[in-house]
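K.L.:
output the structure for:
(one chain, ligands or ions: 1)
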Amino acid sequence: MKLAMDIGEVPMGRLMWRAEAPAKAILFGEHAVLYGAPAIAIAIDIRASVSIEDSEVWLLNGEEFDPLVNPHLTHLISEFSTFENPLSVSIDSAIPIAAGLGSSAALSVASGMVLSASKNSDLPASTETLARAAHRAEARAQGGRASPTDTSVSSLGGAVIVSSSRISSLEHHWAIDMDGPDGTNHWDVHSLPIPPSLISVPLVIGFTGIPSSTREMVESVAQKMESSSFRISMDEVSKLSIESIDLLSKGDPQLIGDAMTRCHSLLQKIGVSSPELDNLIEAVLPFSYGAKLTGAGGGGCIIALSNDPEACANAIRETGGTPYVTSFADKGVRITDVKS
Ligand code: MEV
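P.N.:
Okay, the predicted model is just below:
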């Protein structure tokens, strides 16, 4: 309602919309979520914002927009807008790119929100519609191997569990079936209330500074899934991820931290860690309940649950990484501005 009133006050010609969406961190189940296991992910308080205004030609951050260089945005324009009506799109993001924190998912859902709002002149598309469209954009970019984890968390905020069947004890949002190179995947997207004991625990992210391609990481895992001994290791990741749903709802940071550290060892075993990620983990563990790589791995970030975030941040810096001290974010994608 408020939105429709604001739009009525905006003179024609320089309509500007801005939306923002949070980054995500996967606590358990990266990669395994593409093979039937649940993924448990949280929105974190590092955000990306996208704004649009009328323009004579398509622009991205003031420069000519190249659809080939920006496949996610191109996909969102094709779903929510039309290339016949050019817009100037500006991105302002604090989320490091190709770092496992869901930068492209956050930008996709925020772009979908402003594009759909501007096209419909009153209401942006629903959270579910945005999440589904952004997931299709991710799947295209990742060669068909993309779970809806990142896009669901950026859309919904809070803690999200994506699983291959419905979990009756959790709030269920929507189900997705998607054909990929390894067959058809089914995912159910749920929210899990974050226990009060966890909300106040600082989360420390350590970026190795090494970008990683999710597409390449998921492809390399898919190739190794042909070996039965590798599948046994992946089953261990899946088992821990299932057990962690219960741990997370109980909210004991030490038990969750222990499980995160165990998860990191299993991710090492499936070959998605790196010496730089392992060094950061070793550096933060003395100051943390637990730590693990987060996202596709190969580079990117670690996440530590810690009651001494400053010590963790210093340890990350001394090991050559970049620290981000952050916290759980309960809000997902939202419009932040409608102006003339
Ligand atoms: C990427 O953030 C997490 C992966 O599990 C891929 C996916 O879920 O699409 C590696």
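K.L.:
for the ligand, what are the nearby residues on this protein?
P.N.:
Listed as neighbours of the ligand in the chain under the rule Cβ under 6 Å from any ligand atom: 26, 30-31, 33-34, 100, 146-147, 149-150, 214, 218, 295-296. All C-beta atoms are positioned from the backbone trio N, CA, C, and that covers glycine.
K.L.:
how about a cut-off of 5 Å?
P.N.:
Where the chain comes near the ligand, counting by Cβ under 5 Å from any ligand atom, the residues are 30, 31, 33, 146, 147, 149, 150, 295, 296.
K.L.:
just checking, the third one touches residue 145?
P.N.:
No. At 10.5 Å, residue 33 and residue 145 do not qualify as touching, with contact defined as Cβ atoms under 8 Å.
K.L.:
the two: who's more crowded?
P.N.:
When residue 33 is set against residue 145 and neighbours are counted by other Cβ atoms under 10 Å, the residue ahead is residue 33, at 27 against 21.
K.L.:
checking the more buried one next. Helix, strand or coil?
P.N.:
Secondary structure, DSSP: H, G, I helix; E, B strand; the rest coil: residue 33 is helix.
K.L.:
scan this protein for its longest helix.
P.N.:
For the chain, the longest helix by residue count, based on DSSP state H, is helix 228-250.
K.L.:
against which helices or strands is it packed?
P.N.:
With contacts defined as 3 or more Cβ pairs under 8 Å, 6 or more residues apart in numbering; DSSP states H and E, helix 228-250 has these neighbours: strand 16-28, strand 39-54, strand 183-192, helix 253-269.
K.L.:
thought residue 289 was touching residue 252?
P.N.:
No. Under the contact definition of Cβ under 8 Å, residue 289 does not touch residue 252, with a separation of 9.1 Å.
K.L.:
of the two, which one has the most company?
P.N.:
More crowded of residue 289 and residue 252, by other Cβ under 10 Å: residue 289, with 20 against 14.
K.L.:
nearest spatial neighbour of that one, chain-adjacent residues omitted?
P.N.:
Nearest non-adjacent residue to residue 289, counting by Cβ to Cβ, 6 or more residues apart in numbering: residue 257, 2.6 Å away.
K.L.:
can you read off the pLDDT for residue 120?
P.N.:
Per-residue confidence (pLDDT) for residue 120: 81.
K.L.:
what separation do you get for it and the ligand?
P.N.:
Per Cβ to the nearest ligand atom, to the nearest Å, residue 120 is found 29 Å from the ligand.
K.L.:
that residue: neighbour count?
P.N.:
The burial metric for residue 120, expressed as a neighbour count using other Cβ under 10 Å, is 12.
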